[in-house]
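A.B. asks: Below are the sequence and a predicted model; questions follow.
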Amino acid sequence: MMNLLYKATILVLLVLICSSCGEDFFTTTLEIDPPEHTDQLVTNAFLNIDDGKIEVAVSQTYSVVDVDQEFELVNDAEVILRNDQGLDQLVPASGQDFGFNYFADDIVSQGNTYELEVKYGSFNSRATASIPNLVTLYDFEFIEDGGIDSEGEDRSRVEFSFDDPEDEENYYELTIYMSNEGDPTLPSYATYTDTNDPSGSRGYNYQSLLISDASFDGERKRFKALMYPTTKEEVEGRLFVRWKVVSKEYFQYSKTLNIASELEDNPFATPVQIFTNFEGGIGIFSVYREKNYSVF
């Protein structure tokens, strides 16, 4: 009886202590000084050497105290593309207010290295990128019962080979997609692509795979990509692989952006520094090679 009375007394005291607080027991207000902030220009630019197109999105950062500030793209920046042969071109605004707001499909086409400079008000940022060597795919094969993925789910499989250049750090991105008309130039939709190959990993484009040649440098590589189960009859003539040879900078940017995205709802996670190759600003400028292949 005394033990029960003792517990009841402790409970009453706890209730009184909690009720005397100025705030709800489960709520705490901390007064902190916001970190110092310097506005920066943010640029995401992707130059496809094989079709001569560049896509550029320009915006700027805001302080954490600007909670009412809506995200907006900068539509009146000066975007200049230069090559190492001394040629330059002004990238025109596309008129879009979403996605990429600067676009050009007649970029300078000489040299091996490009520089992108972005000017806006007092901002001036620039980045350089080199053209990677084109690596082609061959010997495609589609397998209906292609095995299981890391989650134990049944998958179909697409296999192909390529010869990785020797003594180079090479990076790739692949996407498996379907075309309703059997033509890779027509509107199509990507399928979720996975792999059990340790050289493949997830980037910011969730439906695609990043590949690093760190484990097979200079070798002939047979890569096995997994997709949702399907039949040969359903995909014959409609199944394609979009293959990109990308820069190391793109690989690092895509990997870190994916990690940051996965951790954004975790209050206990360590903040991830997203890779940038811009001086005087942040973002990514990447030059890549791209080719579409029919699996059949």
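C.D. replies: Sure, I can see it.
A.B. asks: Spatially nearest residue to residue 288, not counting backbone neighbours?
C.D. replies: Of all residues not flanking residue 288 in the chain, residue 246 sits nearest, at 4.7 Å (C-beta to C-beta, 6 or more residues apart in numbering). C-betas here are computed from N, CA, C, even on glycine.
A.B. asks: For the one you found, list each beta-bridge partner.
C.D. replies: When bridges are called by DSSP bridges, residue 246 pairs up with residue 171.
A.B. asks: likewise residue 294?
C.D. replies: residue 240.
A.B. asks: same check, this time on residue 126
C.D. replies: Using DSSP bridges, the bridge partners assigned to residue 126 are residue 117, residue 279.
A.B. asks: got the contact list for it?
C.D. replies: If you count contacts by C-beta atoms under 8 Å, 6 or more residues apart in numbering, residue 126 has them with 115-118, 278-280.
A.B. asks: The same query, at a cut-off of 10 Å, please.
C.D. replies: When contacts are counted by C-beta atoms under 10 Å, 6 or more residues apart in numbering, residue 126 is found next to 43, 80, 82, 115-119, 277-281, 285.
A.B. asks: For it, give its distance to residue 45.
C.D. replies: Residue 126 sits 11 Å away from residue 45, going by C-beta to C-beta, to the nearest Å.
A.B. asks: overlap in contacts of the two?
C.D. replies: Listed as contacting both residue 126 and residue 45 by C-beta under 10 Å, 6+ apart are 116, 118, 278, 285.
A.B. asks: Test my guess that the last one contacts residue 46.
C.D. replies: Looking back up the chat, that one is residue 285. Yes. Counting by C-beta atoms under 10 Å, residue 285 touches residue 46, with 8.1 Å between them.
A.B. asks: quick one, what contacts the residue nearest the centre of the chain?
C.D. replies: In the chain, the centroid-proximal residue (C-alpha atoms, centre = their mean) is residue 204; its distance is 2.9 Å. Residues near residue 204 by C-beta under 10 Å, 6+ apart: 210, 253-261, 274.
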